[in-house]
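Enquirer: Below is the sequence, then the predicted model.
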Amino acid sequence: MFDYFKAFSRNIGWVTQQEQAQLRSSRVAIAGMGGVGGAHLLTLTRLGVGKFHIADFDHFDLANFNRQAGASMASLGQPKVEVLAAMARDINPEVDIQVFAGGVDRMNLPDFLAHVDLYVDGLDFFAFSARQDTFSACASRRIPAITAAPLGMGAAALNFLPSSMSFENYFRWADQSDDEKALRFLVGLAPAGLHRSYLVDPTAVNLTEQRGPSSILGCQLCAAVAGAEALKILLGRGKVLAAPHGFQVDAYRNKMVRTWRPGGNKHPLQEVGAMITREAIKQILDLARWAPSGDNSQPWRFELVDESHLVVHGFDTRDYCVYDLDGRPSQISIGALLETLSIAASAQGLTMQAQRRADVPDCTPTYDIEFEATGDQQVDPLIAAITARCVKRQAMGLRALTPLQKQALERSVAPDYRIIWLEGFHDRFRTALLMFHNAKLRLT
């Protein structure tokens with residue numbers, strides 16, 4: 001036989017018996033039963049919350065398998081809201097669940113939010129109208145609301161409490177286009193942008209086509225984060241950060257950042273398309289250090305003047321490094337650094353301008369770097385290649401080239417040049433000996 005207090009007895013210690021009883025009588029509304037919404041429901045059910053209103057109009061598909069709690073071969077084609085309700089009842093047969101199979105809209109929001117203690121957002125990222133209407137209804141009814149969005153392998157969370165800034169005042173959606181709402185939502189949720197640096201395929205993100213990558217890691221972190229915030233709100237204990245304060249946690253980066261955007265998207269220093277944060281610059285520099293340099297000497301130092309101005313102090317190693325002939329290899333590596341900075345900046349939605357100072361010697365080239373957020377910067381497709389470079393130290397292969405391969409190589413050289421093929425053990429040995437003597441002369 002089911003026994004509520006025995007089933008959730010392991011919660012005791014983190015909550016009291018009285019608080020567990022309070023959770024049992026609490027009613028939470030969750031719109032959306034997909035990647036985050038389904039995880040929210042099951043997490044809060046295992047926390048012991050006893051009453052829910054859940055809404056979703058969609059059915060499970062194969063594309064949901066990578067992240068959605070209810071997605072399985074057994075549930076293919078079935079309504080998400082019914083599958084998740086059954087899963088919650090399997091955990092707690094006494095749970096009180098009211099199902100809204102048509103999703104949420106202006107007509108049913110009064111019933112969906114009736115007698116609700118808390119709303120937890122589980123809507124699809126691009127469900128702009130439904131999200132805008134639901135948060136507006138929560139604000140007018142003074143119902144606390146949580147949104148936790150899966151971003152990469154992390155989660156970004158914001159709480160909208162009756163005494164704090166509202167969803168609309170923070171994001172400033174109003175009558176903006178869907179493209180603008182998507183951009184404002186993304187930037188407002190995660191101004192720290194912890195997830196941007198490890199996006200390996202930028203083409204997977206297209207706000208205009210309303211598609212983007214997702215992972216179970218982000219969804220599960222969202223459920224954990226939202227569950228903790230829900231516990232604090234429902235029990236009235238613990239510090240709850242309310243908008244314009246928020247936070248982002250990222251498992252891949254092993255980081256958590258608290259965010260504060262006074263005025264939300266209206267703040268003059270935080271306008272969408274004009275946001276440059278110190279965290280963003282740190283991420284750019286973290287990637288820039290991968291720029292190739294002669295003998296891994298990295299002949300540069302960074303000076304961060306402010307969030308949009310960086311100085312690169314370059315130097316060459318001609319005085320003590322035999323490889324750095326007249327400082328030219330160092331100059332080339334500084335050029336590679338500037339290109340890497342530009343590519344890394346694109347992942348933060350920034351463009352970069354570099355200006356070489358004219359009043360410095362050639363041996364200490366110095367560059368002023370300015371970053372700007374234009375609002376339409378595309379991520380450079382080479383971003384994933386920055387950290388993927390490697391040095392091959394194994395012996396070269398000895399597989400002979402085919403005649404077709406040789407012909408292709410001979411056709412590829414510029415006019416007035418030709419390829420001389422050194423083949424056979426004798427020719428290869430003489431070439432290796434020549435290279436050995438060459439290296440000895442350079443080094444000694």
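Expert: Everything's here; your move.

Enquirer: Now do the closest residue to Ala55 other than its chain neighbours against Glu423, distance only.
Expert: With C-beta to C-beta, 6 or more residues apart in numbering as the measure, Phe100 is the residue that lies nearest to Ala55, at 3.7 Å, once sequence neighbours are left out. All C-beta spots, glycine's among them, are computed from the backbone N, C-alpha and C. Distance of Phe100 to Glu423, computed by C-beta to C-beta, to the nearest Å: 76 Å.

Enquirer: how much space is there between the residue most central in space within the chain and Lys406?
Expert: Central residue check for the chain by C-alpha atoms, centre = their mean: the C-alpha nearest the mean position is that of His195, 2.1 Å away. In this structure, His195 and Lys406 are separated by 47 Å, where distance is defined by C-beta to C-beta.

Enquirer: next one: Leu199
Expert: Spatial separation of Leu199 from Lys406 under the definition C-beta to C-beta is 40 Å.

Enquirer: Looking at those two, which one has more neighbours?
Expert: Just comparing Leu199 and Lys406: by other C-beta atoms under 10 Å the higher neighbour count belongs to Leu199, 18 against 13.

Enquirer: and the more buried one, backbone torsions?
Expert: Geometry field for Leu199 lists phi and psi as phi -70, psi 110, criterion degrees, to the nearest 10.

Enquirer: distance of it from Leu151?
Expert: Separation of Leu199 from Leu151 (C-beta to C-beta): 10 Å.

Enquirer: all helices for this structure, in order.
Expert: Taking DSSP state H as the test, the helices found in the chain are 4-7, 17-24, 35-47, 80-91, 109-112, 128-140, 167-171, 178-189, 216-235, 278-288, 328-346, 403-412, 424-443.

Enquirer: hmm, back to that, more crowded one of Phe100 and Glu423?
Expert: In this view Phe100 and Glu423 are compared by other C-beta under 10 Å, and Phe100 has more residues nearby, 19 against 9.

Enquirer: That one touches Met107, doesn't it?
Expert: No. Under the criterion of C-beta atoms under 8 Å, Phe100 makes no contact with Met107, lying 10.8 Å away.

Enquirer: what ranges do the strands span in the stretch 251-400 of the chain?
Expert: Taking DSSP state E, counting those that start in this stretch, the strands of the stretch 251-400 of the chain run over residues 255-260, 300-306, 309-314, 350-356, 366-373.

Enquirer: Tabulate those strands (a markdown table), appending distance to Gln22 and mean neighbour count.
Expert: What follows is these, written out as a markdown table (distance: least, C-beta to C-beta, whole Å; neighbours: other C-beta atoms under 10 Å):
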| stretch | distance to Gln22 | mean neighbour count |
| --- | --- | --- |
| strand 255-260 | 28 | 15 |
| strand 300-306 | 48 | 13 |
| strand 309-314 | 52 | 18 |
| strand 350-356 | 47 | 15 |
| strand 366-373 | 45 | 18 |
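
Enquirer: rewinding a little: most tightly surrounded among the helices of the chain?
Expert: Among the helices of the chain, helix 35-47 has the highest mean neighbour count (mean count of other C-beta atoms under 10 Å), at a mean of 26.

Enquirer: residues of stretch 48-60 that come out buried?
Expert: Taking 16 or more other C-beta atoms under 10 Å as the neighbour-count basis, stretch 48-60 is seen to contain the buried residues Gly48, Val49, Gly50, Lys51, Phe52, His53, Ile54, Ala55, Asp56, Phe57, Phe60.

Enquirer: contacting residues for the closest residue to the fourth one other than its chain neighbours?
Expert: Take Lys51 and drop its neighbours on the chain: the residue closest to it by C-beta to C-beta, 6+ apart is Arg27, 3.8 Å away. Residues counted as contacts of Arg27 (C-beta atoms under 8 Å, 6 or more residues apart in numbering) are Gly50, Lys51, Phe52, His53, Asp96, His115, Val116, Asp117, Leu118.

Enquirer: Can you pick out the most distant pair from those residues?
Expert: Among the contacts of Arg27, the pair separated by the greatest distance (C-beta to C-beta) is Asp96 and Leu118, at 14.8 Å.

Enquirer: which one of the two has more residues nearby?
Expert: A count of neighbours by other C-beta under 10 Å puts Leu118 above the other of Asp96 and Leu118, at 21 against 13.

Enquirer: For that one, list each beta-bridge partner.
Expert: Listed by DSSP bridges, the beta-bridge partners for Leu118 are Val28.

Enquirer: So it versus Val95, what's the distance?
Expert: 16 Å.

Enquirer: again with Leu337
Expert: Here the criterion is C-beta to C-beta. By it, Leu337 lies 58 Å from Val95.

Enquirer: Ok, Ile54 next?
Expert: The separation that Ile54 has from Val95, given C-beta to C-beta, amounts to 11 Å.

Enquirer: for Thr203, same thing?
Expert: Relative to Val95, Thr203 is positioned 42 Å away (criterion: C-beta to C-beta).

Enquirer: Between these two, which is the more surrounded one?
Expert: The neighbour count for Thr203 versus Val95, taken as other C-beta under 10 Å, is higher for Val95 (20 against 9).

Enquirer: which ones are touching that one?
Expert: Val95 makes contacts with Thr45, Gly50, Lys51, Phe52, Ala88, Arg89, as judged by C-beta under 8 Å, 6+ apart.

Enquirer: Looking at those, point me to the pair that's furthest apart.
Expert: Top of the distance list for the contacts of Val95 (C-beta to C-beta): Lys51 and Arg89, 12.6 Å.

Enquirer: what's the overlap in contacts for the two?
Expert: Between them, Lys51 and Arg89 share the neighbouring residues Val95, Ile97, with contact defined by C-beta under 8 Å, 6+ apart.

Enquirer: Local confidence estimate at the residue nearest to the centre of the chain?
Expert: Per-residue confidence (pLDDT) for His195: 86.

Enquirer: quick one: the nearest residue to it once chain neighbours are set aside and Ala127, what's the gap?
Expert: Beyond its immediate neighbours in the sequence, the residue positioned closest to His195 (C-beta to C-beta, 6+ apart) is Gly152, lying 3.1 Å away. Relative to Ala127, Gly152 is positioned 20 Å away (criterion: C-beta to C-beta).

Enquirer: List the contacts of Arg46.
Expert: When the contact criterion is C-beta under 8 Å, 6+ apart, the partners of Arg46 are Phe8, Ile91.

Enquirer: An error on my part: the question was meant for Gly35.
Expert: Applying C-beta under 8 Å, 6+ apart, we find Gly35 in contact with Asn64, Arg67, Gln68, Pro150, Ser214, Ile216, Gly218, Cys219.

Enquirer: What confidence value was assigned to it?
Expert: Per-residue confidence (pLDDT) for Gly35: 93.

Enquirer: His245 now?
Expert: Among the per-residue scores, His245 shows a pLDDT of 92.

Enquirer: Quick check: bridge partners of it?
Expert: Where His245 sits in a bridge, its partners, by DSSP bridges, are Trp260.

Enquirer: That one: neighbour count?
Expert: Applying the criterion other C-beta under 10 Å, we find 16 residues in the vicinity of His245.
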